[in-house]
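Trainee: Sharing a sequence plus its predicted fold:
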Amino acid sequence: MSTALRSIVAALLAQATTLGCADDSRFEAQAWPEANRLFQGDPRFMGADGAYSVDLGLGPDGEGRVLWLFGDTFVATNSARDDDAASAMVRNSLAVQTGYDPSRAFIQFYWGTRDGQPSSFVPEKDEHWFWPGHGIRVKDRALLFYGQVHQTSPGMWGFDADGWGAF
């Protein structure tokens with residue numbers, strides 16, 4: 001199961017527990033291999049965490065559109081998708097899914113580019129970066145929430161949130 005799909009399942013399980021319906025008799029999660037390919041078919045998107053989705057409604061072709069917001073994202077920098085050394089990590093990325101059924105949908109991933117290398121879609125601001133929260137469609141616009149984060153000490157866990165931004 002992809003990292004993005006694991007994040008989705010974990011979020012659903014957490015919400016089910018909060019709502020009191022996570023016992024075995026009322027909620028069951030299982031792999032959906034046909035939908036998994038949606039997140040594994042891009043030659044550069046290797047996986048991400050913090051997956052959030054926003055329904056964008058129907059596009060001009062009548063197909064449903066879903067905006068995906070991702071946190072830390074691994075982007076392949078060459079054809080060796082399974083080699084972490086041949087990848088870059090960006091703080092955030094996004095994707096647009098066309099079609100509501102993930103087993104038949106198409107998805108396009110987006111991140112920034114700086115000096116020819118992958119970079120965050122929502123760029124860092126000074127010493128701060130942005131991780132996605134959630135979003136909502138309001139008429140013909142998407143309102144997206146991002147937490148603002150900064151490094152407080154060395155190491156991968158040495159960070160703290162110090163604000164948020166709405167885009």
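Mentor: Okay, I see it. None of these values were measured; they are calculated from a predicted model.
Trainee: Buried residues, the helix or strand harbouring residue 55. List them.
Mentor: Residue 55 belongs to strand 52-58 when assigned by DSSP states H and E. For strand 52-58, a neighbour-count test (16 or more other Cβ atoms under 10 Å) marks 52-54, 56 as buried. Placement of C-beta: from N, CA and C, glycine included.
Trainee: list the helices and strands it packs on?
Mentor: strand 64-70, strand 128-138, strand 141-151 (3 or more Cβ pairs under 8 Å, 6 or more residues apart in numbering; DSSP states H and E).
Trainee: So what are the sheet partners of it and their directions?
Mentor: strand 64-70 (antiparallel) (DSSP bridges).
Trainee: now for the helix or strand just after the strand it pairs with, which elements pack on it?
Mentor: Helices and strands here follow DSSP H and E; after strand 64-70, the next one along the chain is strand 73-76. Counting contacts by 3+ Cβ pairs under 8 Å, 6+ apart, strand 73-76 packs against strand 45-48, strand 87-90.
Trainee: list the contacts for the nearest residue in space to residue 49 that is not next to it in sequence?
Mentor: Excluding the flanking residues, the one nearest residue 49 by Cβ to Cβ, 6 or more residues apart in numbering is residue 71, at 4.8 Å. Counting by Cβ atoms under 8 Å, 6 or more residues apart in numbering, residue 71 touches 48-51, 91-92, 131-132.
Trainee: Give me the neighbour count for residue 91.
Mentor: When neighbours are defined as other Cβ atoms under 10 Å, residue 91 has 24 of them.
Trainee: In contact with it, which residues?
Mentor: 71-73, 120, 122, 124, 129-131.
Trainee: Now those in JSON lines, please, with extra columns for pLDDT and distance to residue 36.
Mentor: Formatted as JSON lines, those follow (pLDDT from 0 to 100; distance: Cβ to Cβ, whole Å):
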{"residue": "71", "pLDDT": "93", "distance to residue 36": "19"}
{"residue": "72", "pLDDT": "92", "distance to residue 36": "20"}
{"residue": "73", "pLDDT": "94", "distance to residue 36": "17"}
{"residue": "120", "pLDDT": "93", "distance to residue 36": "25"}
{"residue": "122", "pLDDT": "91", "distance to residue 36": "27"}
{"residue": "124", "pLDDT": "87", "distance to residue 36": "31"}
{"residue": "129", "pLDDT": "85", "distance to residue 36": "28"}
{"residue": "130", "pLDDT": "89", "distance to residue 36": "27"}
{"residue": "131", "pLDDT": "90", "distance to residue 36": "24"}
